[in-house]
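Trainee: Return atomic coordinates for the entry below.
(one chain, ligands or ions: 1)
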Amino acid sequence: MLVHLFRVGIRGGPVPGRSLPSFRFQNSSAVRSPDGRLGTSLLRAVSQLRSQLRAHLPQALPTLSRSPSAWCWGGGALLGSAVLYKHSRLCLVALCEAEEALPACPSPRVVESHFNWKLFWQFLRPHVLVLGAAIVLALGAALVNVQIPLLLGQLVEIVAKYTRDHVGSFVSESRKISTQLLALYGIQGLLTFGYLVLLSYIGERMAVDMRKALFSSLLRQDIAFFDAKKTGQLVSRLTTDVQEFKSSFKLVISQGLRSCTQVAGCLVSLSMLSTRLTLLLMIATPALMGVGTLMGSGLRKLSRQCQEQVARATGVADEALGNVRTVRAFAMEPREEERYRAELESCRCKAEELGTGIALFQGLSNIAFNCMVLGTLFVGGSLVAGQQLTGGDLMSFLVASQTVQRSMANLSVLFGQVVRGLSAGARVFEFMTLSPCIPLSGGCCIPKEHLRGSITFQNVSFSYPCRPGFEVLKDFTLTLPPGKIVALVGQSGGGKTTVASLLERFYDPTAGVVMLDGHDLRTLDPSWLRGQVVGFISQEPVLFGTTIMENIRFGKLEASDEEVYAAARAANAHEFISSFPQGYDTIVGERGTTLSGGQKQRVAIARALIKQPTVLILDEATSALDAESERVVQEALDRASTGRTVLVIAHRLSTVRAAHCIIVMANGQVWEAGTHEELLKKGGLYAELIRRQALDTPPTSGSPREKPRGSRNH
Ligand SMILES: Nc1ncnc2c1ncn2[C@@H]1O[C@H](COP(=O)(O)OP(=O)(O)OP(=O)(O)O)[C@@H](O)[C@H]1O
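Mentor: As a prediction, the model looks like this:
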């Protein structure tokens, strides 16, 4: 049957987009037809089979969907061979293409953690029944796949018989097998649909559960944890890593199971069809795949370098676009363009190198698989000529062997995917098991009626966890009497903000104790402390990209509209908010960019005031503002300070003259303490700082810097 074709020569048709090598056999005694006639009707019959095969073959290899033209080739009875050639080649190419298609890695990972199987099981357990059903369906689809080549062989046998003898009715003879094939195609389609839907169900639910768990675990981590991590890295764990893990999980179950079953099933079929041909296949395929895998790993490395380069270029663009105001302010557009252009150039070089590598790989795999097809046909043809094998069996063998090769190539691609999936999973699970040193809640609360707001730092020493050898506070002792304003001044980097962070219990002291009304902060409930006792207003407040109303309510979720308005009034914010067309429903933009610095600060003050804090920390709250905004904000702060224990951190000494007590910090310790007048009289560090600032300040009388701040009269 097939031998007719081999005598007259066969050429693979052109494939737009992908070149297909041609092959021609002539004068081969091993493939000679007994009657020497050209089986034109066979060509027609097999061309029908080709379309059936078309439906059968591409479903396992996702790369094929990207190449619709892959099926545009002729070749009649050589269909099986061409398919064998074509898919095997594609499969090998997939070894490197699959890598090439990976999403760019957003950041390099230095330490790889281990995959936490126990945690994985916790996420999988609720879906274990559905998973079982998906596995059964996937195995069913694979087993059906094993049956199809055998039936195809039988159909070809009928076609060959009809071509040779022209006796009987082809339609009636082939009806049974065709119907069986149709039924198998239908069953296989249903099974495939079923297990893919179930896997998608499990994958999506697991991904949501994992994201929820990781997000809430991240939000609970210590501030020290965030000092050491990049936000982009954390966000990438929530997005890219979960996505990668989910895809790998689905792929391993769908393709892994199916490929393993198909390899095993088809190998049994093959050995039943022809032991000799099976041996040939079992030697050649792993050898070729070994070489392909070696080359593929080189290409993968190149592909990774490409991705890293793309990530670097993206980083440059991201930085420039994210900081466009700074770029514009420094007229640095040409420099940024140049930086991006240079990174893109490197991308291009690497991508071209990769392209050449892939081209070489494809060229070599063309040759290898052509030879393999030739070998199979040569040996198979001799067996047919020697009546040890029928043409139909050879056809079955070719299709089944193609399935084996495709499945094995799938498995090798899958191996890389499993490794990537496991490391993505390990990265996702890593932070879920971290427990913070300072819990979010737990501990006692001081009843409101007993809360006075007295703060004591007693012999506190502190180093930031990410810089353990560097002591920021050394034996630091300070008392903030209830209802009084204490100002912290001193050189930059002296540890003023650190004192505020310890008071918020963002960190615990390395030695000594911080107390509220005589209670060690470590014994108090941190969420009560931060949510109800301490209000914090920093130099550059960050607002959320939502309405003003919601931003103020962030300080007290259950606050009524009236409470929000009252807080806004106290913060001198009500007037400007009301002047906006949408009032309190105005969206403030990302991080509050649509508000001026002074407006943002006043919304932040309202947000701090709405919780009626007993202790208020003002960390250079007005230093970023112009004179007019500073005046309005300072007024609001003065009002807010009334009746509260206030810790003011300031660079501009003019803003703290009115404080009950001024603490001068140096080398992480209290250097001097007293009122403005006392310290001036003392003539120490404070007096020196005042003298220096007076020299720096322009002598304009009435300048806001020179005016004493605060409504208090001390
Ligand atoms: N999160 C951090 N991790 C590690 N070191 C830090 C951290 N924050 C501050 N430091 C270091 O601690 C020291 C004190 O910083 P801090 O911000 O408390 O000083 P400051 O007196 O408030 O300075 P400035 O007046 O300039 O704001 C500095 O040397 C600083 O580099």
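
Trainee: Might one say that Leu434 is in contact with Leu219?
Mentor: No. Judged on C-beta atoms under 8 Å, Leu434 makes no contact with Leu219 at a distance of 12.0 Å. C-betas here are computed from N, CA, C, even on glycine.

Trainee: So these two - more neighbours on which side?
Mentor: A side-by-side neighbour count of Leu434 and Leu219, using other C-beta atoms under 10 Å, places Leu434 first with 12 against 9.

Trainee: Assign a three-state SS to the more buried one, would you?
Mentor: Using DSSP: H, G, I helix; E, B strand; the rest coil, the structure places Leu434 in coil.

Trainee: Now do the contacts for it.
Mentor: Ser217, Gln221, Phe225 (C-beta atoms under 8 Å, 6 or more residues apart in numbering).

Trainee: where does Leu478 fall, phi/psi-wise?
Mentor: phi -160, psi 140 (degrees, to the nearest 10).

Trainee: again with Leu616
Mentor: Torsion angles, degrees, to the nearest 10, at Leu616: phi -120, psi 130.

Trainee: Would you mind measuring from it to Ile662?
Mentor: According to C-beta to C-beta, to the nearest Å, Leu616 and Ile662 sit 17 Å apart.

Trainee: what does Val208 give?
Mentor: 53 Å.

Trainee: More neighbours: which of the two?
Mentor: Ile662 (24 against 12).

Trainee: what helix or strand is the more buried one on?
Mentor: Using DSSP states H and E, the element containing Ile662 is strand 661-666.

Trainee: Starting from that strand, tell me which strands it pairs with and how they run.
Mentor: Strand pairing for strand 661-666, using DSSP bridges, gives strand 485-490 (parallel), strand 669-674 (antiparallel).

Trainee: just checking, what packs against the helix or strand following the last one?
Mentor: The one in question is strand 669-674. Next along the chain after strand 669-674, taking DSSP H and E as the criterion, comes helix 676-682. Using 3 or more C-beta pairs under 8 Å, 6 or more residues apart in numbering; DSSP states H and E, the elements in contact with helix 676-682 are strand 661-666, strand 669-674, helix 685-696.

Trainee: Buried deepest among these, which one?
Mentor: Sort the helices and strands packed on helix 676-682 by mean neighbour count, taking mean count of other C-beta atoms under 10 Å, and strand 661-666 sits at the top with a mean of 22.

Trainee: right, is that one up against the ligand?
Mentor: No. Against the ligand, strand 661-666 shows no contacts by C-beta under 6 Å from any ligand atom, the least distance being 6.8 Å.

Trainee: and the residue lying closest to Leu480 once chain neighbours are set aside, bridged to which residues?
Mentor: Leaving aside its sequence neighbours, Leu480 sits nearest to Ile455 (C-beta to C-beta, 6 or more residues apart in numbering; 3.9 Å). On the basis of DSSP bridges, Ile455 is bridged to Leu480, Leu516.

Trainee: Ile455: how many residues sit nearby?
Mentor: 25.

Trainee: Could you dump the helices and strands packed on helix 676-682 into a markdown table and include mean pLDDT?
Mentor: Formatted as a markdown table, the helices and strands packed on helix 676-682 follow (pLDDT from 0 to 100):
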| stretch | mean pLDDT |
| --- | --- |
| strand 661-666 | 90 |
| strand 669-674 | 89 |
| helix 685-696 | 78 |
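
Trainee: Those into a markdown table, with extra columns for distance to Leu502?
Mentor: Formatted as a markdown table, those follow (distance: least, C-beta to C-beta, whole Å):
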| stretch | distance to Leu502 |
| --- | --- |
| strand 661-666 | 13 |
| strand 669-674 | 14 |
| helix 685-696 | 22 |
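
Trainee: how's the protein carved up into domains?
Mentor: Under the assignment the TED database, the domains of the chain span 117-274+389-433, 283-369, 453-696.

Trainee: With distance to Gly443 added, can I get these in CSV?
Mentor: Formatted as CSV, the domains of the chain follow (distance: least, C-beta to C-beta, whole Å):
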stretch, distance to Gly443
domain 117-274+389-433, 15
domain 283-369, 39
domain 453-696, 4
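
Trainee: Quick one: closest of those to Cys444.
Mentor: If you check each of the domains of the chain against Cys444 by C-beta to C-beta, domain 453-696 wins as the nearest, at 6.1 Å.

Trainee: rewinding a little: so for the ligand, which of the strands paired with strand 661-666 sits nearest?
Mentor: strand 485-490 (6.2 Å; C-beta to the nearest ligand atom).

Trainee: The helix or strand just after the closest one vs the ligand: in contact?
Mentor: Next helix or strand after strand 485-490 toward the C-terminus (DSSP H and E): helix 496-503. Yes. Under the criterion of C-beta under 6 Å from any ligand atom, the ligand is reached by helix 496-503 at Lys496, Thr497, Thr498.

Trainee: which ones are touching the first one?
Mentor: Residues in contact with Lys496, defined by C-beta under 8 Å, 6+ apart, are Leu488, Val489, Gly490, Asp619, Ile649, Met665.

Trainee: Which helix or strand in this structure has the lowest average pLDDT?
Mentor: helix 2-8 (a mean of 31; mean pLDDT, DSSP states H and E).

Trainee: Low-confidence regions, the stretch 101-250 of the chain specifically.
Mentor: 101-113, 165-168 (pLDDT under 70).

Trainee: give me the residue from it nearest the ligand.
Mentor: Asp227 (4.2 Å).

Trainee: how close does the residue nearest to the spatial centre of the chain sit to Lys350?
Mentor: Central residue of the chain (C-alpha atoms, centre = their mean): Thr240, 1.4 Å from the mean position. Distance, Thr240 to Lys350, by C-beta to C-beta: 21 Å.

Trainee: Phe249 now?
Mentor: Phe249 is 30 Å from Lys350, by C-beta to C-beta.

Trainee: what about these two, which has more around it?
Mentor: Set Phe249 next to Lys350 and count neighbours by other C-beta under 10 Å: Phe249 wins out with 24 against 19.

Trainee: Next, the contact list for that one, please.
Mentor: Gly203, Met206, Gly421.

Trainee: which among the contacts of Leu434 end up buried?
Mentor: Among the contacts of Leu434, the ones that count as buried by 16 or more other C-beta atoms under 10 Å are Ser217, Gln221, Phe225.

Trainee: Quick check: which element contains the last one?
Mentor: If I follow you right, that is Phe225. Using DSSP H and E, Phe225 falls in helix 223-228.

Trainee: Restricting the selection to alpha carbons, write the following helix or strand past that helix to PDB.
Mentor: Downstream of helix 223-228, the next assigned helix or strand under DSSP H and E is helix 231-236. Provided in PDB are the C-alpha atoms of helix 231-236 (Å, rounded to 0.1, in the frame of the first residue of the first chain):
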ATOM      1  CA  THR A 231       7.600  46.100  47.600                       C
ATOM      2  CA  GLY A 232       7.900  44.900  44.000                       C
ATOM      3  CA  GLN A 233       9.300  41.600  45.200                       C
ATOM      4  CA  LEU A 234       6.400  41.100  47.500                       C
ATOM      5  CA  VAL A 235       3.800  42.100  44.900                       C
ATOM      6  CA  SER A 236       5.400  39.700  42.400                       C
END
